[in-house]
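Student: Sequence and predicted structure are below.
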Amino acid sequence: MPAAGTSPDRRTAAPDVPPPDAPLALAEVSRHGLRVTATDPAAERAGVGAGMPLADARALCPALTVAPADPEGDADALGRLALWCG
């Protein structure tokens, strides 16, 4: 089960939206280079996981579509959800 606010959303992740069955990951810069922060089920089936270096993810899954992670946007969405829940 994906963590709330961290699952890639195909509608907003990239301007050229890949087919629904194409693997998708979000990535951000870390101290050790680009790292995967979230994946969809297709990427997980290909062996890609959160925390993995992006270069390793692309080696495992050459068809991987990558979009930038948005931790601030995720935090904002979770905050709005918490307010809605009361």
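Tutor: Yes, it's here.
Student: Report the buried residues of the strand or helix carrying Ala55.
Tutor: Following DSSP states H and E, one finds Ala55 within helix 54-60. For helix 54-60, the neighbour count (16 or more other C-beta atoms under 10 Å) marks 54, 57-58 as buried. Bear in mind the C-beta positions are built from the backbone N, C-alpha and C, glycine included.
Student: Same list (the residues you listed) but as JSON lines, adding pLDDT and distance to Leu26.
Tutor: Converted to JSON lines, these look like this (pLDDT from 0 to 100; distance: C-beta to C-beta, whole Å):
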{"residue": "Leu54", "pLDDT": "97", "distance to Leu26": "10"}
{"residue": "Ala57", "pLDDT": "98", "distance to Leu26": "11"}
{"residue": "Arg58", "pLDDT": "97", "distance to Leu26": "14"}
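Student: between the residues you listed, which is closest to Ala42?
Tutor: Taking C-beta to C-beta as the measure, Ala42 lies nearest Ala57 of these, at 12.4 Å.
Student: Contact partners for the nearest residue to the closest one once chain neighbours are set aside?
Tutor: Excluding its sequence neighbours, the residue lying closest to Ala57 (C-beta to C-beta, 6 or more residues apart in numbering) is Val48, at 4.4 Å. Neighbouring residues of Val48 by C-beta atoms under 8 Å, 6 or more residues apart in numbering: 23, 25, 36, 39, 57, 60-61, 64.
Student: ranking those residues by neighbours, who comes first?
Tutor: Comparing the contacts of Val48 by number of neighbours (other C-beta atoms under 10 Å), Ala25 comes first, having 29 neighbours.
Student: Distance check, it against Arg31.
Tutor: 19 Å (C-beta to C-beta, to the nearest Å).
Student: can I get the CA coordinates of the helix holding Ala55 in PDB?
Tutor: Extracted C-alpha coordinates of helix 54-60, given in PDB (Å, rounded to 0.1, in the frame of the first residue of the first chain):
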ATOM      1  CA  LEU A  54      18.100   6.700 -10.100                       C
ATOM      2  CA  ALA A  55      20.900   5.300 -12.200                       C
ATOM      3  CA  ASP A  56      20.200   1.800 -10.700                       C
ATOM      4  CA  ALA A  57      16.500   2.200 -11.300                       C
ATOM      5  CA  ARG A  58      17.100   3.100 -15.000                       C
ATOM      6  CA  ALA A  59      19.500   0.100 -15.400                       C
ATOM      7  CA  LEU A  60      16.800  -2.200 -14.100                       C
END
